[in-house]
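> Can you look at this prediction? I've put the sequence above it.
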Amino acid sequence: MIASDSPTYHLLLILTDGTIHDMSATKARLVDLSSQPVSVIIIGCGNEDFEDMEELDGDHHVLTDDDDRKVCRDIV
């Protein structure tokens, strides 16, 4: 049995066809999530253009939303 005060970590798996219909809201949610114990894995399906996914990945830049809020840490 797991104790109720044990730490919890979440993993969000996103399967996508490559199109982000609301990039602004997506970036805002990722900034919100970056202070939580969570990681996000994005998997592209099909032959579409996945260039937008690179914008969400924080390997080469700090993800910032439209309000200039920055992620606390790279979670994508």
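Arrived safely, thanks for sending. Numbers count the residues shown, from 1 in each chain.
> who does the strand or helix carrying Arg29 touch, helix- and strand-wise?
Element membership for Arg29 (DSSP states H and E) is helix 23-33. Applying 3 or more C-beta pairs under 8 Å, 6 or more residues apart in numbering; DSSP states H and E, one finds that helix 23-33 contacts helix 51-56. For glycine as for every other residue, the C-beta is placed from the backbone atoms N, C-alpha and C.
> rerun at 10 Å
strand 10-16, strand 38-44, helix 51-56 (3 or more C-beta pairs under 10 Å, 6 or more residues apart in numbering; DSSP states H and E).
> Go ahead and name everything in contact with the helix-or-strand element of the chain with minimal mean pLDDT.
Across the helices and strands of the chain, the lowest-confidence element by mean pLDDT, DSSP states H and E is helix 51-56, at a mean of 83. With C-beta atoms under 10 Å, 6 or more residues apart in numbering as the test, helix 51-56 has contacts from 14, 16, 18-20, 23, 26-27, 30, 40, 42-44, 60-61, 63, 71, 75-76.
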